[in-house]
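K.L.:
here are the coordinates; sequence isn't available:
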């Protein structure tokens, strides 16, 4: 099974006292990831759909599927420009 591109953490922060950065902290090794960027993109897409009343008629399962399709497209486009 191929690994899914999640875009990495949406709001990473280094570990430290109350999440405050410490000079010895490194993002790569001590990060607290939280939700993935893919989840953030999907949530934003879903909120937009529902606010605009675009997917309210299709049901929650299809609305969520559409939101993740847009999130995946956003991640793919991001890869093109950020390599």
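P.N.:
Thanks, I have the structure now. Treat the numbers as computed from the prediction; the structure is a model and nothing was measured.

K.L.:
Would you enumerate the residues in contact with residue 6?
P.N.:
Contact analysis of residue 6 by Cβ atoms under 8 Å, 6 or more residues apart in numbering lists 36-39, 75. C-beta coordinates here come from the backbone N, C-alpha and C atoms, glycine included.

K.L.:
residues near residue 77, how many?
P.N.:
By the criterion of other Cβ atoms under 10 Å, residue 77 has 10 neighbours.

K.L.:
nope, residue 74 is what I meant
P.N.:
If we define neighbours as other Cβ under 10 Å, then residue 74 has 18 of them.

K.L.:
do the same with residue 9
P.N.:
Neighbourhood size, residue 9 [other Cβ under 10 Å]: 17.

K.L.:
and it, how far is that from residue 50?
P.N.:
Distance of residue 9 to residue 50, given as Cβ to Cβ, to the nearest Å: 25 Å.

K.L.:
Give me the pLDDT value at the closest residue to residue 58 other than its chain neighbours.
P.N.:
Spatial nearest neighbour of residue 58, chain neighbours left out: residue 66 (7.8 Å); criterion: Cβ to Cβ, 6 or more residues apart in numbering. Here the pLDDT value assigned to residue 66 is 92.
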